[in-house]
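Visitor: My questions are about this predicted structure, shown below with the sequence.
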Amino acid sequence: MPIQHAVLALLRASGPSYGYQLRNEFKQAVGPQWGDLNVGHLYQVLDRLVRDGLVTRREVEQRRRPDKVVYRLTKRGQRELDDWLERPFVRQGGYRDDFFLKLLAASKLGPDKFATVLQTQRSAYLAELASLAKLRKQHRHDPLVDLLIEAAVLHTQANLRVAEHAEKNAPTLARAETARSAAAEPDTRAESA
């Protein structure tokens, strides 16, 4: 995830800032759908940005608190952000999804396990859609958060369609896997002999 570019954007928009302030701005901007931005991870990102010359860091003395570290975007950081914004997002290395790995495992264990995995995942997607509907009501006045929720809804609906497609084709998928396993069996015996 390009969190580092989001941090560069926050620094560009808000000016010099410190870690917890950046974390709060990020959480407020994207809402609860994104998930929590771990402050430890954020500081690792900031350290890399400093190391790469995209951000500077300076300590600001405080009277009754520990010194505060303030981060500032460099010109090189501004160029990196602009370059990143001008490049389209393209998925690298194929499509990976844990659900497909579960389907692979379940298809090896038989039609009953395959059906159970599909039903469990289908129920989870439906619950996720219900949860997203509640979030949408809570954040309907925040256009960026609403857009992220809409993306999550569309993604979850697509996942649900994949699960329904797998369910519809379960007998064919299970037969294909059984045939593949049977064809591979003689090779396995020959290797162990």
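Guide: It's in. Note that the coordinates shown come from a computational prediction; the quantities given were computed from them, not determined experimentally.

Visitor: so what's the residue nearest to residue 20 when sequence neighbours are not counted up against?
Guide: With Cβ to Cβ, 6 or more residues apart in numbering as the criterion, residue 20 has its nearest non-adjacent residue at 6.6 Å, and that residue is residue 39. (Each C-beta comes from the backbone N, C-alpha and C, glycine too.) Residue 39 makes contact with 19-20, 23, according to Cβ atoms under 8 Å, 6 or more residues apart in numbering.

Visitor: Neighbour-wise, which one of those leads?
Guide: residue 23 (20 neighbours; other Cβ atoms under 10 Å).

Visitor: Contact partners for it?
Guide: 37, 39, 42.

Visitor: Are we agreed that the last one is in a helix?
Guide: I take that to be residue 42. Yes: counting by DSSP: H, G, I helix; E, B strand; the rest coil, residue 42 is found in a helix.

Visitor: Can you give me the pLDDT of it?
Guide: pLDDT for residue 42: 92.

Visitor: same question, residue 62
Guide: 84.

Visitor: can I assume it sits in a strand?
Guide: No: counting by three-state DSSP, residue 62 is not found in a strand; it is coil.

Visitor: Was I right to think residue 77 contacts residue 49?
Guide: Yes: using Cβ atoms under 8 Å, residue 77 is in contact with residue 49, at 6.9 Å.

Visitor: Common neighbours of the two, please.
Guide: Listed as contacting both residue 77 and residue 49 by Cβ under 8 Å, 6+ apart are 8, 55.

Visitor: In helices, which of the contacts of residue 39 appear?
Guide: 19-20, 23 (DSSP state H).

Visitor: what stretches of this protein score poorly on pLDDT?
Guide: For the chain, the stretches flagged by pLDDT under 70 are 1-2, 33, 93-94, 174-193.

Visitor: again, 80 this time
Guide: 1-2, 30-36, 89-97, 104, 107-110, 172-193 (pLDDT under 80).

Visitor: and after the top helix by length along it, which helix or strand comes next?
Guide: With residue count as the measure and DSSP H as the assignment, the chain has helix 111-138 as its longest helix. Under the assignment DSSP states H and E, the closest C-terminal helix or strand after helix 111-138 is helix 143-168.

Visitor: In this structure residue 11 contacts residue 73, no?
Guide: Yes: counting by Cβ under 8 Å, residue 11 does reach residue 73; the two are 4.1 Å apart.
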